[in-house]
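1. Let's see this in three dimensions:
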Amino acid sequence: MKLIKVKRHTKYENRFAPKMGRVKAKVTYIKKQFLGISIATLHKYRETYYGEVKDCSDCQLSA
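-> Next up is the predicted model:
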């Protein structure tokens, strides 16, 4: 059994893009886990409607 693992988790989130408004995007989180407990998020990115992969820093979470 490994002590430290790196896992991916994908879920849909509501995002806000200045040019498009509210966007429901598929966001993938890459997390580091220690004994099955998440300890850090290494990276997160989103997939656009057209299949492009973009960093999440250019969109904010909508309230």
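
2. Every contact and neighbour count from this point should use C-alpha atoms.
-> Fine.

3. can you give me the strands in the protein?
-> According to DSSP state E, the chain carries its strands in the segments 4-17, 21-34, 37-47, 53-55, 60-61.

4. Tell me which of these sits most buried.
-> strand 21-34 (a mean of 16; mean count of other Cα atoms under 10 Å).

5. picking that back up, got TSV for the strands of the chain, with mean pLDDT too?
-> Conversion of the strands of the chain to TSV gives the following (pLDDT from 0 to 100):
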stretch	mean pLDDT
strand 4-17	87
strand 21-34	87
strand 37-47	86
strand 53-55	78
strand 60-61	56
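
6. From K19, how far off is the nearest residue to K44 once chain neighbours are set aside?
-> Closest residue to K44 apart from its sequence neighbours, by Cα to Cα, 6 or more residues apart in numbering: Y29 at 4.5 Å. Y29 sits 24 Å away from K19, taking Cα to Cα, to the nearest Å as the criterion.

7. can you check D55 too?
-> For D55, the distance to K19 equals 16 Å [Cα to Cα].
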